[in-house]
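[1] got a sequence here, can you model it:
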Amino acid sequence: MVKYKVLSLITIAILLISCAPSKKVLTDLNFETALGKLNFRDRYVKLITAKGSITIDSPEFSSSASLRVNLKRPDTLMLKFETVFGINLGEVKIYGDSFELVDRFNDRTLSGRVSEYLRRYFEFNLKFDEIVDILIASPRVSNAEMYNLADYGFSIYERRGDEEITLNFNSDLELESCTLSKGGDKFFEVRYSRYVKVGEITLPKVIRIYDRHGRGDLS
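    Numbering: from 1, shown residues only. Below you'll find the predicted structure:
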């Protein structure tokens, strides 16, 4: 179990970076060793309890709120949003392929299937558990077929038809960015920064999502 109390996450949600280049180098590290370390991170993170803040910043809307997160991999997520004064704005509850959104500000409840929501609004062929993996910086990479291992970092590429996922890691094998492209164009990018030690691994304190125009939407 990992209890991570200082994580600023993003939605569904959500989490990143423009980190300064690492001074370390990947010495005597082959592809299998790198995958082993990355998969250890994936197996280690099973449960996250977190609190932090969420900021939405776009040309149409800008606001901030407090955020509480309870995550149990692979597919259970609960988000609670509050104002800076502790007023409950609402909750999002996801169990498998079902979700429930309680909007206390407008006194309404919405529910449905996660898979249908993702197809309609997300426009990218990802399962919910894959989105969770990306948001907590612990993507599953055991089946990676294309990669680039260099002294300054490690990249993995995965193609699914006209969709491509690019994962970039620093020399400590911490995820720096995840880019989703479609038809050769960048769809959106998740960036991670300010990693802190949690148990036997590190997790990012700051996560940011950029849309296809390079605009920061959430942090």
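[2] spatially central residue for this structure, please.
    residue 135 (1.2 Å; C-alpha atoms, centre = their mean).
[3] that one touches residue 191, doesn't it?
    No - if you go by C-beta atoms under 8 Å, residue 135 and residue 191 don't touch, sitting 11.8 Å apart. In short, each C-beta sits where N, CA and C put it, glycine included.
[4] next, the buried residues of the longest strand along the chain.
    Identified as the longest strand of the chain according to DSSP state E is strand 185-198. Buried residues in strand 185-198, counting neighbours by 16 or more other C-beta atoms under 10 Å, are found at 186, 187, 188, 189, 190, 191, 192, 193, 195, 198.
[5] for residue 80, list each beta-bridge partner.
    In this entry, residue 80 is beta-bridged to residue 68, residue 91, by DSSP bridges.
[6] make residue 1 into 23 and carry on from there
    Sure, I'll start counting at 23 from here, so that last one is residue 102.
[7] got the CA coordinates for stretch 183-193 in CSV?
    Extracted as CSV, the C-alpha positions of stretch 183-193 are listed here (Å, rounded to 0.1, in the frame of the first residue of the first chain):
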residue,chain,number,x,y,z
GLY,A,183,-3.4,1.9,-36.0
ASP,A,184,-3.2,5.7,-36.5
GLU,A,185,-2.6,6.2,-32.8
GLU,A,186,0.8,6.4,-31.1
ILE,A,187,1.8,6.6,-27.5
THR,A,188,5.3,7.9,-26.6
LEU,A,189,6.7,7.6,-23.1
ASN,A,190,9.8,9.5,-22.1
PHE,A,191,11.7,8.7,-19.0
ASN,A,192,14.7,10.4,-17.3
SER,A,193,17.9,8.8,-16.3
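[8] name the residues contacting each of residue 157 and residue 213.
    residue 229 (C-beta atoms under 8 Å, 6 or more residues apart in numbering).
[9] so residue 59 sits right up against residue 195, yeah?
    Yes - with contacts defined as C-beta under 8 Å, residue 59 counts as touching residue 195 at a distance of 5.2 Å.
[10] neighbour count for these two, which is higher?
    Between residue 59 and residue 195, residue 195 has the larger neighbour count (other C-beta atoms under 10 Å), namely 20 against 14.
[11] return the residues in contact with the closest residue to residue 115 other than its chain neighbours.
    Closest residue to residue 115 apart from its sequence neighbours, by C-beta to C-beta, 6 or more residues apart in numbering: residue 122 at 4.7 Å. Residues near residue 122 by C-beta under 8 Å, 6+ apart: 114, 115, 116, 131, 132, 133.
[12] dump the residues you listed to TSV, plus distance to residue 139 and secondary structure.
    Output for the contacts of residue 122, formatted as TSV (distance: C-beta to C-beta, whole Å; DSSP: H, G, I helix; E, B strand; the rest coil):
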residue	distance to residue 139	secondary structure
114	11	strand
115	14	strand
116	10	strand
131	15	strand
132	10	strand
133	10	strand
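[13] which of the residues you listed lies closest to residue 148?
    The closest of the contacts of residue 122 to residue 148 turns out to be residue 116 (C-beta to C-beta; 14.1 Å).
[14] strands of the protein, residue ranges please.
    Along the chain, the segments classed as strands by DSSP E run 24-25, 69-79, 84-94, 98-104, 110-117, 120-125, 130-135, 168-172, 175-182, 185-191, 197-204, 207-220, 223-232, 238-240.
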